[in-house]
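**Student:** Below is the structure, and that's it, no one-letter string:
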């Protein structure tokens, strides 16, 4: 599978922009969330804040991706959207 430059940028942004306190699993889930939302027309910063917020609300034992989990957790999705400035 070939990755586009934008995809690599998103992953690099997640890694570089301060997930120092996140474990490897968190970084993976946040990167996937960012990839899932890359075409939503929001800045990388807004998407990253949203994905980090959603990831933080999820249980460490959760097996669903952020994108799957948000569909069954509208309250958390709304809170994280507001926190990230997703308008």
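**Tutor:** Cool, the structure landed. For clarity, every value in this text was computed on a predicted model and none was experimentally measured.

**Student:** Low-confidence bits of the chain, can you list those?
**Tutor:** By pLDDT under 70, the low-scoring segments of the chain are 1-22.

**Student:** If we ignore the residues flanking it in sequence, what's nearest the residue nearest the centre of it?
**Tutor:** By Cα atoms, centre = their mean, the chain has its centre lying nearest to residue 51, at 2.5 Å. Once flanking residues are discounted, residue 51 sits nearest to residue 33: 3.7 Å by Cβ to Cβ, 6 or more residues apart in numbering. For glycine as for every other residue, the C-beta is placed from the backbone atoms N, C-alpha and C.

**Student:** And for residue 53?
**Tutor:** Residue 53 sits nearest to residue 80 (Cβ to Cβ, 6+ apart), 3.7 Å away.

**Student:** Whichever strand or helix holds that neighbour - contacts with which helices or strands?
**Tutor:** Taking DSSP states H and E as the definition, one finds residue 80 inside helix 74-84. Using 3 or more Cβ pairs under 8 Å, 6 or more residues apart in numbering; DSSP states H and E, the elements in contact with helix 74-84 are helix 44-57.

**Student:** gap between the helix it packs on and the chain center?
**Tutor:** 5 Å (Cα atoms, centre = their mean, to the nearest Å).

**Student:** buried residues in it?
**Tutor:** 44, 46, 47, 48, 49, 50, 51, 52, 53, 54, 55, 57 (16 or more other Cβ atoms under 10 Å).

**Student:** Ok, stretch 66-82 next?
**Tutor:** Here stretch 66-82 shows 66, 69, 70, 73, 76, 77, 80, 81 as buried, counting by 16+ other Cβ under 10 Å.

**Student:** just checking, the third one touches residue 78?
**Tutor:** Right, residue 70. No - with contact defined as Cβ atoms under 8 Å, residue 70 does not count as touching residue 78 (9.8 Å).
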